[in-house]
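> just to be clear, the model below is a prediction. Sequence and coordinates:
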Amino acid sequence: MEWCDMRADFLHNWRSYVKIRNQAIVGIKFTDRREQLICGLFSRVDGLSQEIIKLLKSEGSLGCPPMMRSALESYIDLKCLKKDEKYVYEFEAMHVDSQIKYYKAYSDENIWFKEMSEAEVNLKIEELKERKNDLLEGRKKPMRLKERFEMAEESHAYDTIYHNLSNFVHSSVVALANQYDGKNQVLNMKPKESQTNYYYSSTINLCCATLIETLEALGHKEHIIDELQNVMKAVNKKARCVSVTRGEV
């Protein structure tokens, strides 16, 4: 199949997802903090994926790995929230812990803290520590990322896809060069067709899987799940790659 035809098929699959998504989210409402976070995480995955598709349509690719990695992390958090209601506290604790690290960077010369005194910062840190302690019920640290993947039953994704995306995100010159065709690999910024194929298929798969998990978690419009699974089957039939969420194709 010619690449232009493959790309047209992927974009057709993407438009199919968008049409289903628009139908699926009509009337969805959250009733508590957990459902609010699930909806928020779905929106994040969907929004990042829209940006990835825009980038691919313009024959770009360098921004895809960091956005895909972020979307994948959000998908994992969503699955954990779906699996265990208490994960709300874990999720909140991660962000509180991040705030603590931020305020610990305080110094008189740091322009980001020019509106706060050292006493105010120290008070803020103590309040956040108390909040984290309450959320984690005495544990010192939130779950590690690998543990979150394990909880979501996606260990294989952590060891393969997430690791691969991280190579691109962390500026591996070898990984960067391998994305491009031609002798001047790094200077020739047009990505390989296989790489673009991977980004298209994985992004659409991830969106469909995230919406499926969201609908299942909220108990809404179960009939739409079959439509999303059909989109994933169509994508995977064309792309001989490893799906972001559903194993080897």
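Cool, the structure landed.
> quick one: residue 30 is in a helix?
No - secondary structure of residue 30 (DSSP: H, G, I helix; E, B strand; the rest coil): coil, not part of a helix.
> how near is it to residue 200?
31 Å (Cβ to Cβ, to the nearest Å). Every C-beta, even on glycine, is put in place using the N, C-alpha and C of the backbone.
> more neighbours: the two, which one.
residue 200 (26 against 13; other Cβ atoms under 10 Å).
> contact partners for the more buried one?
Shown in contact with residue 200 (Cβ atoms under 8 Å, 6 or more residues apart in numbering): 7, 10, 14, 53, 56, 235, 239.
> redo that, cut-off 6 Å
The contact partners of residue 200, taken as Cβ atoms under 6 Å, 6 or more residues apart in numbering, are residue 10.
> burial count for the closest residue to residue 107 other than its chain neighbours?
Ranked by Cβ to Cβ, 6 or more residues apart in numbering and with sequence neighbours excluded, the top spatial neighbour of residue 107 is residue 113, at 7.2 Å. By other Cβ under 10 Å, the residues close to residue 113 number 17.
> same thing with residue 197?
Counted with other Cβ under 10 Å, residue 197 comes out at 20.
> enumerate the positions of the strand or helix carrying it that are buried.
Secondary structure from DSSP states H and E places residue 197 in helix 193-218. Buried positions in helix 193-218, judged by neighbour count with 16 or more other Cβ atoms under 10 Å: 195-215, 217-218.
> pLDDT of that helix, averaged?
For helix 193-218, mean pLDDT is 92.
> and that helix, how far from the chain's centre?
Distance of helix 193-218 from its chain centroid, counting by Cα atoms, centre = their mean, to the nearest Å, is 10 Å.
> likewise stretch 211-222?
Averaging C-alpha coordinates over stretch 211-222 and over its chain gives two centres that are 18 Å apart (Cα atoms, centre = their mean).
> what does stretch 122-142 give?
On the basis of Cα atoms, centre = their mean, stretch 122-142 sits 26 Å off its chain's mean C-alpha point.
> mind exporting it as CSV, just the C-alpha atoms?
Only the C-alpha atoms of stretch 122-142 are listed here, as CSV (Å, rounded to 0.1, in the frame of the first residue of the first chain):
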residue,chain,number,x,y,z
ASN,A,122,8.2,27.1,55.2
LEU,A,123,4.6,27.3,56.4
LYS,A,124,3.3,26.2,53.0
ILE,A,125,5.7,23.2,53.0
GLU,A,126,4.5,22.1,56.4
GLU,A,127,0.9,22.4,55.3
LEU,A,128,1.6,20.4,52.2
LYS,A,129,3.5,17.7,54.1
GLU,A,130,0.6,17.3,56.5
ARG,A,131,-1.8,17.0,53.5
LYS,A,132,0.4,14.4,51.8
ASN,A,133,0.6,12.4,55.0
ASP,A,134,-3.2,12.4,55.3
LEU,A,135,-3.5,11.3,51.7
LEU,A,136,-1.0,8.5,51.9
GLU,A,137,-2.0,7.4,55.4
GLY,A,138,1.5,7.6,56.8
ARG,A,139,3.5,6.4,53.8
LYS,A,140,6.4,8.6,52.9
LYS,A,141,6.2,8.5,49.1
PRO,A,142,3.6,8.1,46.5
